[in-house]
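Q: Next comes the sequence, and after it the predicted model I'd like to discuss.
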Amino acid sequence: MPSRNFPATPDIRLPEISLSNISFEHLATRHDTSSFSCTHQELTDYLTNDAQKNQDAHVAATYLAIYKGGCVGYFSLLNDSIIKKDIDPEDDKDWYNHSYYPAIKIARFAAHQEYEGRGVGRAMLTAIRSIAITVSKYSGCCVLTVDAKPGAELFYERFGFHRALKTKKKNTIPMYRCNIFRR
């Protein structure tokens, strides 16, 4: 994919991008991600330096959100689990007799800084949910997990995520969403 530079935008609210106008592509060596820029430098660096290596090693799968030929966001997914005692008792399935629930973890999640607040994150979460539902047909998966950056937890809460009851992380907020099969 050719490199695409996005013009700087003034401090005006740009319209949301419709989900139908965003496509998702599995990261491949043909993709040029060098123009991607996020407000969190480590997320920019991950996409440009590490995502393909991790994918090639089968550690994480990365998907690009494409709008008008350019990468406006990305997310990386990997297998995970969450201990039952870390979720709210209302989310627990009493009949499930194991200590952990199988999950998919959102390992990285970022929107291009020029597209923040325009629905790219919502579109990416919709795609992640769809992937999780597909995976659940082949392998157990009933929870999404994420270690949210401070300040991002409100975003995830708007989409049905809850804070894990016990957290030992210092730089992130462990969160989960059990009801992946409901909108």
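A: On my side now, so go ahead.

Q: thinking Lys166 is in contact with Ile87, fair?
A: No: contact criterion C-beta atoms under 8 Å: Lys166 and Ile87 do not qualify, at 9.8 Å. (Glycine included, C-beta is placed from N, CA and C.)

Q: Please identify which of these two sits among more neighbours.
A: Ile87 (21 against 10; other C-beta atoms under 10 Å).

Q: wait, what's in contact with the more buried one?
A: Listed by C-beta atoms under 8 Å, 6 or more residues apart in numbering, the contact set of Ile87 reads Tyr101, Val143, His162, Ala164, Leu165, Tyr176, Cys178.

Q: elements contacting the helix of greatest length in the chain?
A: Determined from DSSP state H, the single longest helix within the chain is helix 120-135. Where contact means 3 or more C-beta pairs under 8 Å, 6 or more residues apart in numbering; DSSP states H and E, helix 120-135 is packed against strand 61-67, strand 70-83, strand 100-111, strand 143-148.

Q: 7 Å instead?
A: Applying 3 or more C-beta pairs under 7 Å, 6 or more residues apart in numbering; DSSP states H and E, one finds that helix 120-135 contacts strand 61-67, strand 70-83, strand 100-111.

Q: for these, which one sits closest to Phe36?
A: Closest of the helices and strands packed on helix 120-135 to Phe36 is strand 70-83, at 5.1 Å (criterion: C-beta to C-beta).

Q: and Cys71, how far is that from Gln52?
A: To Gln52, Cys71 is 13 Å away according to C-beta to C-beta, to the nearest Å.

Q: if you count what's nearby, which of these two comes out ahead?
A: Cys71 (24 against 16).

Q: In terms of pLDDT, where does Thr145 sit?
A: Looking at Thr145, its pLDDT reads 97.

Q: What separation is there between it and Val120?
A: Noted for Thr145: a distance of 21 Å to Val120, by C-beta to C-beta.

Q: next one: Asn179
A: The spacing between Asn179 and Val120, counted by C-beta to C-beta, is 23 Å.

Q: give me phi/psi at the residue of the chain most remote from its centre?
A: Residue farthest from the centre of the chain, counting by C-alpha atoms, centre = their mean, is Trp95 at 29.3 Å. For Trp95, the backbone dihedrals are phi -80, psi -20 (criterion: degrees, to the nearest 10).

Q: Tell me who's in contact with it.
A: The neighbourhood of Trp95, defined by C-beta atoms under 7 Å, 6 or more residues apart in numbering, contains no residues.

Q: sorry, back to before: need the contacts of Ile87 in TSV with neighbour count and distance to Ser34, can you?
A: Listed next are those as TSV, based on neighbours: other C-beta atoms under 10 Å; distance: C-beta to C-beta, whole Å:
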residue	neighbour count	distance to Ser34
Tyr101	23	38
Val143	22	34
His162	16	37
Ala164	20	35
Leu165	13	41
Tyr176	24	34
Cys178	21	38
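
Q: thinking Lys166 is in contact with Asp86, fair?
A: Yes: using C-beta atoms under 7 Å, Lys166 makes contact with Asp86 at a distance of 5.2 Å.
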